[in-house]
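Sequence plus predicted model, see below.
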Amino acid sequence: MSTRTSVRIADRLARWVITGGGLLMVGALVLMFVLILLEAIPLWSQPRTKLEAETKLEEAWRVLAAGENEYRELADLACADGVVRVIDLRTGQAIQELRPDEAEGLAFASATRTLTGEYALGLPNGSVLLADGRFTSTFDPSTSARVTTYRLSAGAKIALDAAGRPLTSVAGRTRESGLAVVAGSPEPGVLLAATYSEDDGAQIYDLSEKLAGEKVAVIALDDRAELLAAGTASGKVLFFSFLNRTPEAVGEATLPVSDPAPITAARYLLGGQTLVAGDAKGRLVGIQRIRRTPDAEERVPTVVQRFEPQGAAITALAASSRGKTFLSADAEGDLVTHFATNERTLTKARAAGSTAAVAISPKADGYLAILPGRLASYELTAHHPETSLHALFGKVHYEGYDKPEYNWQSTGGTDDFESKLSLVPLVFGTLKGTLYAMLFAVPVALAAALYTSMFAHRKVKALVKPVVELMAALPSVVIGFVAGLFLSPLIEKATVATLLLFPAVPVFVLIAVALFGLVKDETRKRLPEGTELMLILSVTALAVVSCAFVGPLVETVFFGGDFKAWLLTSTGLKYDTRNSLVISFAMGFAVIPIIFTISEDALSSVPEHLKAASLALGASRWQTAIKVILPTASAGIFSAVMVGFGRAVGETMIVLMATGNTPIMEWSLFNGMRTLAANIAVEIPEAPHGGTLYRVLFLGALLLFLLTFLVNTAAEVMRQRLRKKYSVI
Amino acid sequence: MAAITLGSIARPETASSPASGVPGPPLKDVIEIRGLSLFYGAKQALFDIDVVCKEKRVMAFIGPSGCGKSTLLRCLNRMNDLIDGVRIQGSIKVAGQELNSPDVDVVDVRKRFGMVFQKSNPFPKSVFENVVYGLRIQGIKDKRRLHEAAERSLRLAALWDEVKDRLNDSALGLSGGQMQRLCIARAIAVEPEILLMDEPCSALDPIATSKIEELIFALKEKFTIVIVTHNMQQAARVSDETAFFMLGKLIEVDRTDRMFTKPKEKLTEDYITGRFG
Ligand SMILES: Nc1ncnc2c1ncn2[C@@H]1O[C@H](COP(=O)(O)OP(=O)(O)OP(=O)(O)O)[C@@H](O)[C@H]1O
Ligand SMILES: [Mg+2]
């Protein structure tokens, strides 16, 4: 009686423990998935905008250009009455009214403001005045309040139009070198430009002839004051380069529409590579100068982005100093924010009336719009404007590239860097690394397992299995370290010899086996156990040695003595020291023990009576292995390969240390890759918590998770089917 | 029992006279075992065995468990080679050719024998593939030939009618008796000279057993058969000659009818009448 109770208790306990353990496992897995998902999901949070404050502006001010300070408290406005005003965004009251002396009390005919706050003011007498406005905030420790001051310092003043006509449009900025570049147009058929430096004075250039009859409507100058874009009444944008000081026409772009309309607004985005232009019918494009063919000298202005069109003429554009976000405003008061790289529309807001000027705050957390008689200030919440499904998984035309590409480059050296967050190269790299590793590991591991389980002597087997299992216990950092520091320079030195190994080892072994077959059975039987293994090992060593000797010879005869140079010149492939060949060995080394152990177990557990049945029918051991043992163990072998695959997909340290981690998309054996796993390891320490990169890395983790999950599920389904087919009574 | 000297063995000459009363040309010796001893490592499992099997006759090996019947059977097609540390002395001749001589290829030896194991062991393949396995091993690819051979052997194994509609189904879906007959079909598909059966009916019900016994009767027309059995009635029913072993020694070998009616040895009599074993 008592035994029965105790048995029942033990039974129930075991069931609870097992069920509990299983549930815990599943729970942990789901939890992990959910945690990763939670970090990645905000990437898709919809950007929001909200009207924050609307204040009256004096009608008489007639704002031409505007800017905002970092804390979104103050705005600086260039007004047509010749005053630069600093106003309180909440009240609309002017706090400061600045009249640059150099303007000599004249009104402003036109004005533009750069992202850094420098004004180009077009005067009614045909002159241009540059004036750098700057907000400075200091903390007063006694009151612990912020004190913000605004200073406007006048720069170059250039008499651009000799005829003294008022400039209806103007653009200009001072380069870091001190050279000022300005451009302006007093009337549609005329385009004037000038450079000015303390030493050389002003150089005026009349570009009107280069307009070829086009009527200038708007002009824009890039961040570096190197490129001038002029939008015309016929819907074209003409480009002039100031690279060599003297402006040169460098091509034109036409909006790709059937019914061209005058360009009504143009503005360079941060970085000065993309010009956004809008026309009278509300259409918006991004124009970059690109090479049409890979080896073309010239860069041709080309429309590469098309943004969501608006209902009325685009009247004002503002760029962000934080990225490729920009704001477009139209004659009906629609205010739309876009992200240039992925052509995404972020937010839309509607303010009645034609917008005269717009500005995005320095932190890109808000923007303001000058409307008839009032100023509206909006809040903007767009945490991850860079990401969209298309940007993550599709080809994107990045700045400086000649065509849309898959690209991963999360951070760059400069503030105006355009982050490239395509996950495709990483998925590619993951698959490439895995494929090469598996190509090496699977045949070796399976052959070894087959030999050990089917042919090797008991004693050999008893030695081989634990040794290989020990191999699995080797930390991957160590493997990666050895591969990166010793193997890769070695392979680089002896690339040809290494490549020769692939045909040489099997050939040598096969020859040795054939010769061994000639030895009489009786003689063979008298040899000590494991002789064949020793034979194969020494033949393999022989193959390695002969490859090492023959390699340089082959290199001289066939590859002109330098394989790397030959590779580059005749196939155009670059040889990286840390390449897929190294990965194939190193990761193979990590994967082989797994595949070997599991498949050896599967092969060994094929019932002895099946083997006996086959042998008794006159099958050789080899035939038995191929026709009975292998198929019967196929489910186990399949899972062995899949577990190995999973290990290779998730392997981090080896790839990290033994490849250059370059996210390229080439199948070449001689360059590296960047895998999803290694990418996370490389970038997560640098990724600000909660930032776009951080979340994209989590998305990468999710992808990795899904990839392994999918593969494992498919493998399990496949395995079950195999198992059913080859199950043994 | 003390009266029995284990060294004394029945001379196999008794079997060289025609087994049945039917006159005819003397039957050929197909298997000739002379002075066979076998060691599993240091342990001797067979002691100086002499047995002769005649062409198209059924020889039954009987004896208590562990006396070496299976071991002796395995010697015939050299399945003992698979076991580590087996050492054999003496001679086994099959159709006059020495089995264990170094220039004999073990694979060729096995091709002359069909073997049916105590536990049915069909491959996890279709019924058809099981039957033609041995032929495929020999490199026969011709579809028609394979089909003919499969049908012929399945008919011989009295399985054809039961499986002719499910040739492509897995063999593992058959019943235990069907599986055993499938294994017989598989063994005879390669048309061996000799069929070795190690307790082929031990896992079967009486109906399946009787089917297999009928089968043995039929097969004897074509093959020499050696069968190991624990079932005295079965030995009496199917075999022409019987060899009785104990503790690795051959106690007596004789025509079955004689053995079961008036055994020469007391041990044999005790065993047959069920006084021990
Ligand atoms: N592979 C082996 N290694 C070592 N000893 C073995 C091996 N196979 C059998 N033996 C021993 O050899 C002796 C004979 O075994 P065998 O299997 O031939 O007996 P058997 O007559 O077939 O018995 P059963 O009727 O139970 O099948 C036994 O003592 C057994 O323990
Ligand atoms: Mg037995």
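Yep, that arrived. Ligands and ions are numbered 1, 2, ... in the order given.

neighbours around residue B:144, how many?
When neighbours are counted by other Cβ atoms under 10 Å in any protein chain shown, residue B:144 registers 7. C-beta coordinates here come from the backbone N, C-alpha and C atoms, glycine included.

Now do the helix-or-strand element of chain B with minimal mean pLDDT: everything it contacts.
Of all helical and strand segments in chain B, the minimum by mean pLDDT, DSSP states H and E falls on helix B:206-219, at a mean of 85. Applying Cβ atoms under 8 Å, 6 or more residues apart in numbering or on different chains, the contact partners of helix B:206-219 are B:58, B:156-158, B:175-177, B:180-181, B:184, B:188, B:195, B:197, B:200-201, B:204, B:225, B:227, B:234, B:237-238.

which stretches of chain B have low pLDDT?
Flagging of chain B using pLDDT under 70 yields the residue ranges B:1-26, B:276-277.

The stretch 601-729 of chain A too?
Regions of the stretch 601-729 of chain A meeting the criterion pLDDT under 70 cover residues A:728-729.

so does stretch B:261-275 get close to ligand 1?
No: against ligand 1, stretch B:261-275 shows no contacts by Cβ under 6 Å from any ligand atom, the least distance being 12.5 Å.

which parts of that stretch are buried?
By neighbour count on 16 or more other Cβ atoms under 10 Å in any protein chain shown, the buried set for stretch B:261-275 is B:263-265, B:267-269, B:271-272.

Among these, which are located in helices?
Judged by DSSP state H, helices contain the following of the buried residues of stretch B:261-275: B:267-269, B:271-272.

Which two among the residues you listed are spaced furthest apart?
Greatest spatial distance in these: B:267 and B:272, 9.6 Å, computed using Cβ to Cβ.

circling back: now, of the contacts of helix B:206-219, which are buried?
Using 16+ other Cβ under 10 Å as the burial test, the contacts of helix B:206-219 include B:58, B:156-158, B:177, B:180-181, B:184, B:188, B:195, B:197, B:200-201, B:204, B:225, B:227, B:234, B:237-238 as buried.

Which helix or strand contains residue A:463?
Element membership of residue A:463 [criterion: DSSP states H and E] is helix A:458-472.

list the contacts for residue 106?
Defaulting to chain A. Residue A:106 neighbours (Cβ under 8 Å, 6+ apart): A:82, A:123-125.

Let me rephrase: I mean chain B.
Contact analysis of residue B:106 by Cβ under 8 Å, 6+ apart lists B:78, B:81.

before we move on, back to that, what's the following helix or strand after the least confident helix or strand of chain B?
Next along from helix B:206-219, by DSSP H and E: strand B:224-228.

between that next one and helix B:206-219, how big is the angle?
For strand B:224-228 against helix B:206-219, the angle between stretch directions is 150 degrees (axes from the mean of the first three to the mean of the last three Cα atoms, to 10 degrees).

I'd like to know how many residues surround the nearest residue to residue A:241 once chain neighbours are set aside.
In this structure, residue A:241 finds its nearest non-sequential neighbour in residue A:250, 4.6 Å apart by Cβ to Cβ, 6 or more residues apart in numbering or on different chains. Residues contacting residue A:250 under the criterion other Cβ under 10 Å number 17.

for residue A:250, helix, strand, or coil?
strand (DSSP: H, G, I helix; E, B strand; the rest coil).

buried ones in stretch A:449-460?
Neighbour-count burial for stretch A:449-460 flags A:449-454, A:456-457, A:460 (criterion: 16+ other Cβ under 10 Å).

and what of stretch A:362-373?
By neighbour count on 16+ other Cβ under 10 Å, the buried set for stretch A:362-373 is A:362, A:364-371.

How about stretch A:240-255?
Buried residues in stretch A:240-255 (16+ other Cβ under 10 Å): A:240-242, A:247, A:250, A:252-253, A:255.

Just the ones of the buried residues of stretch A:362-373 in helices?
In helices, judged by DSSP H, none of the buried residues of stretch A:362-373 are found.

Format these as JSON lines; extra columns: pLDDT and distance to ligand 1.
Converted to JSON lines, these look like this (pLDDT from 0 to 100; distance: Cβ to the nearest ligand atom, whole Å):
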{"residue": "A:362", "pLDDT": "93", "distance to ligand 1": "86"}
{"residue": "A:364", "pLDDT": "92", "distance to ligand 1": "81"}
{"residue": "A:365", "pLDDT": "93", "distance to ligand 1": "82"}
{"residue": "A:366", "pLDDT": "95", "distance to ligand 1": "86"}
{"residue": "A:367", "pLDDT": "96", "distance to ligand 1": "88"}
{"residue": "A:368", "pLDDT": "94", "distance to ligand 1": "93"}
{"residue": "A:369", "pLDDT": "95", "distance to ligand 1": "93"}
{"residue": "A:370", "pLDDT": "94", "distance to ligand 1": "98"}
{"residue": "A:371", "pLDDT": "92", "distance to ligand 1": "98"}
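
In terms of distance to residue A:680, which of those residues ranks first?
Proximity of the buried residues of stretch A:362-373 to residue A:680 (Cβ to Cβ) peaks at residue A:364, which lies at 27.0 Å.

Identify the residues contacting that closest one.
Listed by Cβ under 8 Å, 6+ apart, the contact set of residue A:364 reads A:320-323, A:325, A:380, A:382.

same check, this time on residue B:124
Taking Cβ under 8 Å, 6+ apart as the contact definition, residue B:124 lies against A:610, A:631-632, A:725-728, B:170-172.

and these, which are buried?
Buried members of the contacts of residue B:124, counted by 16+ other Cβ under 10 Å: A:610, A:631-632, A:726, A:728, B:170-172.

what about the closest residue to residue A:179 other than its chain neighbours, how many residues close to it?
The spatially closest residue to residue A:179, leaving aside those adjacent along the chain, is residue A:197, at 4.8 Å (Cβ to Cβ, 6+ apart). As a burial measure, residue A:197 scores 16 neighbours (other Cβ under 10 Å).

Could I get the phi/psi values of residue A:197?
Backbone torsions for residue A:197, taken as degrees, to the nearest 10, come to phi -140, psi 160.

In contact with it, which residues are there?
Residue A:197 neighbours (Cβ under 8 Å, 6+ apart): A:177-180.
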